[in-house]
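Participant: Coordinates for the following, if possible.
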Amino acid sequence: MPKTLRLILAIIVMISAAAIAALTALPYIVSSDAIRIRVAQELSSWTGYTVELRQAPQLKFFPTLRASLNDVVLSDYNDASTKKVMSVERIDVELSPFDALLGHISFYETQLVRPVFDLGEPVIDPQQLLEGLAKSDGRLGVAIRAAKDLMTEQKSDVETRQQTSQPFGRIIVRDGTLTFRKYGSDVDEVVNGINATLNWPRTTQSASLKGNARWKDEVTEFDLSAPNPLQLFAGATAAVTASITSKPLELSFNGKANISSDYMFEGALNAKTPDLSRTMYWLGAPAAPGSAHVGALTVASNLSATRSLIRLNDLVLDNENNPAKGVIEFVPQAPRPSISGTLAFQHLNFRGLISAFIPLPDKRGNNAFYDFERGESDKRDLINTDFMQLAEVDLRLSAQTASAGPLSMNNVAAAVQVRNGRALFDIGDAKAFKGNVSASVQIQRDLQGTNAELRFNGNEIDSTDFTKVFGLSSGFISARGNIALIMKAPLTKWSKLPTNAEGEISLNFGNGKLQGFDIDSFIKNASSERFFALERKENISLNFKRLDLQAGLADGVATFNTAKLETESGTLSLAGIVPFLDRSLALSGTLTLPVKEADNTDTPETEEAPEKPAPAIQFFVGGSWDRPFISPMNRP
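Facilitator: Got it, this is the predicted structure:
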């Protein structure tokens, strides 16, 4: 055998023998008491809390050197109540065998098995958490204070720089539980099933936290990383990447943050939820005042947030396949929170928009709000306008298409404003009924009560489309013209709204046709019948030059003040009432026929023949909207 080979084999044998000897001697060299004391010192140094190890550690030497400590408790020695901050069923510590042989105890990895973390008082502000870490007596507190001194240039010596670099290692949490209490609540919130790994070799290096947990029966995965977390803890701005993934919510942020007293977040924010209403409930957010079920929602924006202003720039959102773009601003700390911004939609549902503020009634029958078992009105009958006390709103909206119940619109410009006890839902301009329309709902709330005002204006609109949308006789009037409606009512109950509303409506149409009205048949029946049904005739129409109508609306009844139809065949005038609830008719009418030319055969040429008075047919209109009856009061 060559001499060199024998030397190599001898070295290998010696090293192996030394390793075997070291491993054999390791149980006798490593002291369980030393490990127990060292673990207590490390936990206390890092956290600044008092550590109580209630049982002696158990050592395992193969395949790795590991110490297990059961029943560990951390408490705040500054708190007279000595409330537990953390209790751990078992702590497993992976040790360095080489350091142990030299008489030192150093950790590679620390596992917390079934720990219970108790935050106690709620963390109202991130600054509260930072101040607690910075004031702690542990090494993390020392590192944070040293980093602050370097940033403020209070100290720049070598010792201070060394204090910022502290060993940390890897911490693994298995089946942990976190309890905390929301501000103003006396009920503990519980996050359980926590399984996470924190990798942070040294405080001057990058750190990452990955894991999952169960909150309110939903498993949530989380992933946080920071290239320089110590800078973040010291109150400086640092890069941060975070993501949360669960069934109710997916959320990610990639940017920079500052969580000091003037906290700041800037970066790309993305969020996705299959059901926003359910997600808000899962997060424990206050219930929205409205009745809208928002459903699936995705959000992407450049977030810029401070303590006084949260701004979503380049916002792209999609709600139930209705995309929108714009900018939204939140001011959370004004005397009252405020929301403002602009959004451009492809399609906007105004019923859904309003129901996000006010709970709207279901589309049911007349007894929708009556509880027959209790013999009283349903609570849903009450009109809830509490949203006016929650926040101020100033939103400018636009949409390529929009809908409000059966009404469809194009090129819509709208606004929502809530301020000082006044709410306005306004459609400033839109294309509908082949013309232009505008509408608004204004709600005023004061000590005397809550009142609403509805305004609607249509210019050069098509009457056929208008009557079809609002459920009137389709195509009865075919013309173009203007419509104006004003309604006012106290907002108490939905069931009382039709009868409590008051206002007026006016219609002005130019040249058009009254479809299905046979004036010759009407004159004939009025001359010979005591009463007859006014039936719509096919393929017959009456051309008119002008139609004017002005009616007052009150107590669920329209009172015709002016109703005049001018035609070549005469002028038709109506007066009376039209109840909305039972759709009946109670009108009196006059049909004034054209003046007949005088017979001049026996009149001298120098003497003008007197005009004969225009014959008139007076009649009463009864029955219903769908089947009116005519009762002549005189005969021509």
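
Participant: List the contacts of the residue lying closest to Ile486 once chain neighbours are set aside.
Facilitator: Once its chain neighbours are removed from consideration, Ile486 has its nearest residue in Gly503; the separation is 4.5 Å (Cβ to Cβ, 6 or more residues apart in numbering). All C-beta atoms are positioned from the backbone trio N, CA, C, and that covers glycine. Listed by Cβ atoms under 8 Å, 6 or more residues apart in numbering, the contact partners of Gly503 are Leu454, Leu485, Ile486, Met487, Lys488, Gly552, Leu553, Ala554.

Participant: Is there a neighbour count for the residue lying closest to the last one once chain neighbours are set aside? I'd like the number.
Facilitator: I take that to be Ala554. In space, Ala554 comes closest to Glu502 once its chain neighbours are excluded; the distance is 4.5 Å by Cβ to Cβ, 6+ apart. Neighbours of Glu502 under the rule other Cβ atoms under 10 Å: 14.

Participant: Could you report the separation of the closest residue in space to Leu407 that isn't next to it in sequence from Lys434?
Facilitator: Ranked by Cβ to Cβ, 6+ apart and with sequence neighbours excluded, the top spatial neighbour of Leu407 is Val469, at 5.5 Å. The spacing between Val469 and Lys434, counted by Cβ to Cβ, to the nearest Å, is 12 Å.

Participant: who's more crowded, the two?
Facilitator: Taking Val469 and Lys434 together and counting by other Cβ under 10 Å, Val469 has the greater number of neighbours (16 against 13).

Participant: can you pull the pLDDT of that one?
Facilitator: For Val469, the pLDDT comes out at 79.

Participant: Next: Pro289.
Facilitator: Note for Pro289: predicted pLDDT of 62.

Participant: Which segments of this protein make up each domain?
Facilitator: Taking automatic domain parsing as the criterion, the chain consists of the domains 288-364+378-483, 501-599+609-632.

Participant: Show me what secondary structure element comes after the helix or strand that contains Arg214.
Facilitator: Secondary structure assigned from DSSP states H and E places Arg214 in strand 207-215. Once strand 207-215 ends, the next helix or strand along the chain (criterion: DSSP H and E) is strand 218-226.

Participant: tell me what that following strand is packed against?
Facilitator: Strand 218-226 sits against strand 207-215, strand 238-245, with contacts defined as 3 or more Cβ pairs under 8 Å, 6 or more residues apart in numbering; DSSP states H and E.

Participant: Can you mark which positions in the first one are buried?
Facilitator: Okay, so that is strand 207-215. Ala207, Leu209, Gly211, Ala213, Arg214, Trp215 (16 or more other Cβ atoms under 10 Å).

Participant: pLDDT averaged over it, what's the number?
Facilitator: 94.

Participant: May I have the strands that pair with it, each with its orientation?
Facilitator: The strands that strand 207-215 pairs with in its sheet are strand 188-202 (antiparallel), strand 218-226 (antiparallel) (by DSSP bridges).

Participant: one step back: these two touch, right, the residue nearest to Leu407 and Pro406?
Facilitator: Yes - with contacts defined as Cβ atoms under 8 Å, Val469 counts as touching Pro406 at a distance of 4.9 Å.

Participant: Tell me the pLDDT of the residue nearest to Ile486.
Facilitator: At Gly503, the predicted lDDT confidence score is 95.

Participant: Give me the buried stretch members for the helix or strand that it is a member of, please.
Facilitator: Using DSSP H and E, the secondary-structure element containing Gly503 is strand 502-515. Buried positions in strand 502-515, judged by neighbour count with 16+ other Cβ under 10 Å: Gly503, Glu504, Ile505, Leu507, Phe509, Gly512, Lys513, Leu514, Gln515.

Participant: Going C-terminal from it, what's the next secondary structure element?
Facilitator: helix 519-528.

Participant: And the helices in the protein, which stretches?
Facilitator: Using DSSP state H, the helices of the chain run over residues 3-29, 32-47, 97-101, 126-135, 139-151, 158-164, 229-233, 276-283, 350-355, 463-469, 497-500, 519-528.

Participant: Any idea which helix or strand in this protein has the lowest mean pLDDT?
Facilitator: When the helices and strands of the chain are compared on mean pLDDT, DSSP states H and E, strand 370-371 comes out lowest with a mean of 46.

Participant: which sections of the stretch 201-350 of the chain are below the confidence cut-off?
Facilitator: Counting by pLDDT under 70, the low-confidence segments of the stretch 201-350 of the chain come to 286-293.

Participant: which residues touch Glu52?
Facilitator: The neighbours of Glu52, taking Cβ under 8 Å, 6+ apart as the test, are Val72, Val73, Leu74, Ser75.

Participant: what are the phi and psi angles of Gln55?
Facilitator: Torsion angles at Gln55 (phi, psi; degrees, to the nearest 10) stand at phi -140, psi 160.

Participant: Leaving out sequence neighbours, find the closest residue to it.
Facilitator: Using Cβ to Cβ, 6+ apart and skipping the chain neighbours, the partner closest in space to Gln55 is Asn70 (4.6 Å).

Participant: The one you found touches Glu89, doesn't it?
Facilitator: Yes - taking Cβ under 8 Å as the contact criterion, Asn70 and Glu89 are neighbours in contact, 6.9 Å apart.

Participant: if we can go back for a sec, tell me, which of the helices of the chain is the model least confident about?
Facilitator: Comparing mean pLDDT across the helices of the chain, the lowest value falls on helix 3-29: a mean of 50.

Participant: Can you mark which positions in stretch 167-187 are buried?
Facilitator: Going through stretch 167-187 with 16+ other Cβ under 10 Å, the ones that come out buried are Phe168, Gly169, Ile171, Ile172, Val173, Arg174, Gly176, Thr177, Leu178, Phe180, Arg181.

Participant: same thing with stretch 627-636?
Facilitator: Buried residues in stretch 627-636, counted by 16+ other Cβ under 10 Å: Ile630, Pro632.

Participant: before we move on, what about stretch 299-311?
Facilitator: Residues of stretch 299-311 classed as buried: Val299, Ala300, Ser301, Leu303, Ser304, Ala305, Ile310, Arg311 (neighbour count, 16+ other Cβ under 10 Å).

Participant: could you give the angle of the strand holding Arg214 to helix 276-283?
Facilitator: Orientation check (axes from the mean of the first three to the mean of the last three Cα atoms, to 10 degrees): strand 207-215 against helix 276-283 gives 100 degrees.

Participant: ranges for the strands of the stretch 301-450 of the chain?
Facilitator: Assigned by DSSP state E, counting those that start in this stretch, the strands in the stretch 301-450 of the chain fall at 310-319, 322-331, 338-349, 370-371, 376-377, 392-404, 407-419, 422-432, 435-446, 449-462.

Participant: re earlier: just among the contacts of Glu52, which is most surrounded?
Facilitator: Across those, the neighbour count under other Cβ under 10 Å reaches its highest value at Val72, namely 22 neighbours.

Participant: close enough to count as contact, that one and Arg54?
Facilitator: Yes - using Cβ under 8 Å, Val72 is in contact with Arg54, at 7.3 Å.

Participant: about what we covered before: farthest pair in the contacts of Gly503?
Facilitator: Put simply, by Cβ to Cβ the two of these set farthest apart are Leu454 and Gly552, 15.0 Å from each other.

Participant: That'll do, ta.
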